[in-house]
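Peer 1: no letters, just coordinates:
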Ligand code: NAP
């Protein structure tokens, strides 16, 4: 490689999230794609022969002729992003960590383990400290995870409100088709329809939210005590998960206090000026009919979460809407931001 950027690999590079990684890492100031991995269906082929480019524009030239490898540690770079099918991620990610790689994963497999950080760097950058505990597994490397794509939207919208004492959360999602990977749902089922079931999504949203907004005390995760009730739906939107959220607090805050909390919310990525950090991670939109996935999801490179329609709730205290890009802020962009935090904290030296 010509530059002195850090070389990175992508496990599951041919899939929906894998392609977002490739897209997101174009011209990254710190990282450079040097290695691609996928299943044995793709291994041994050039990337352009192994997959069809499904994002806007054409396949980036810097990856088109790269050879796709089997997902085995060995000649991969120290830092690997993982976007593998969850059915295979447990063993493969562990093998890479054992062999000394830093695996920055999107998959659900290791998220809830007691020594694995489930990071949203604006919210819980301090949870990275738990990485020390992974040495006890005898690993030379580490595994770091980001949350499920619907959880990240919810937690980013809730984090500014945490100081008010969150007690109960009711959330209903309208999730994009790209969240189901490719080919995902058949067109006949997805078009002009709502599919009111996404396997395992609701329990993931409930438990991951408690872990992310919880505390790390003496090296142990203490989940946030809030109760979360999630209902998840697939809708005919290409990119962007929209969520209606109602919240009960210890004491009902004023409308002005909530708006001010959204607007002033910043985290470690903004303080440290990490390359992929949006300047304002949570953006409140005043318009009565926004945010909308088609109009808002790609703003700020897909890394901000948009909130709007704050109203009093006759059942809980307040209700509002949130929107985030599921394959960027909810997947590839989230993992790249996690890797930037790792580097900023000296873990990649
Ligand atoms: P996808 O489009 O189905 O892609 C799956 C990837 O896994 C492909 O690159 C595939 O390679 C690879 N793979 C399959 N079997 C493998 C094996 N035995 N060994 C190595 N690689 C294998 O799925 P996706 O939507 O990108 O999701 C990838 C992961 O990210 C999943 O764990 C998913 O839950 C998670 N995630 C997805 C989203 C989202 O919005 N889509 C958001 C957050 C997290 P081949 O092409 O060679 O089969």
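Peer 2: That came in fine, so what should we check first? Because the structure is a prediction, the values reported are computed rather than measured.
Peer 1: how near is residue 157 to residue 311?
Peer 2: According to CB to CB, to the nearest Å, residue 157 and residue 311 sit 14 Å apart. Any C-beta I mention is one placed from the backbone N, CA and C, and that applies to glycine too.
Peer 1: so which of these two has more stuff around it?
Peer 2: Taking neighbours as other CB atoms under 10 Å, residue 157 and residue 311 compare with residue 157 leading, 26 against 11.
Peer 1: which residue ranges of this structure form strands?
Peer 2: 6-11, 31-38, 68-70, 79-82, 102-105, 142-145, 166-175, 215-217, 220-222, 227-234, 241-249, 282-285, 305-312, 318-324 (DSSP state E).
Peer 1: would you tell me which of those strands gets closest to residue 339?
Peer 2: strand 102-105 (4.8 Å; CB to CB).
Peer 1: tell me if that closest one is near the ligand.
Peer 2: No: using CB under 6 Å from any ligand atom, strand 102-105 never reaches the ligand; the gap is at least 8.1 Å.
Peer 1: which strands and helices sit next to that strand?
Peer 2: Packing contacts for strand 102-105, counted by 3 or more CB pairs under 8 Å, 6 or more residues apart in numbering; DSSP states H and E, involve strand 79-82, helix 86-98, strand 142-145, helix 333-344.
Peer 1: contacting residues around the longest one?
Peer 2: In other words, helix 86-98. 11, 39, 71-73, 76, 80, 82, 84, 103, 105, 107-110, 134, 137-143 (CB atoms under 8 Å, 6 or more residues apart in numbering).
Peer 1: and stretch 119-138, by the same measure?
Peer 2: 97-98, 114-118, 142-147, 152, 155-156, 159, 212-213, 216, 219, 221, 265-270, 274, 277, 281, 334, 337-338, 340-342, 345, 347.
Peer 1: quick one: mean pLDDT over that stretch.
Peer 2: The average of the pLDDT scores along stretch 119-138 is 96.
Peer 1: what residues does the stretch 51-200 of the chain have near the ligand?
Peer 2: 51, 71, 83-86, 88-89, 106-108, 149, 178-179, 181-182.
Peer 1: whichever of those end up buried, select them in PyMOL.
Peer 2: Selection of the buried residues among those in PyMOL, burial being defined by 16 or more other CB atoms under 10 Å:
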select buried, resi 51+71+83+84+89+106+107+108+149+178+179+181
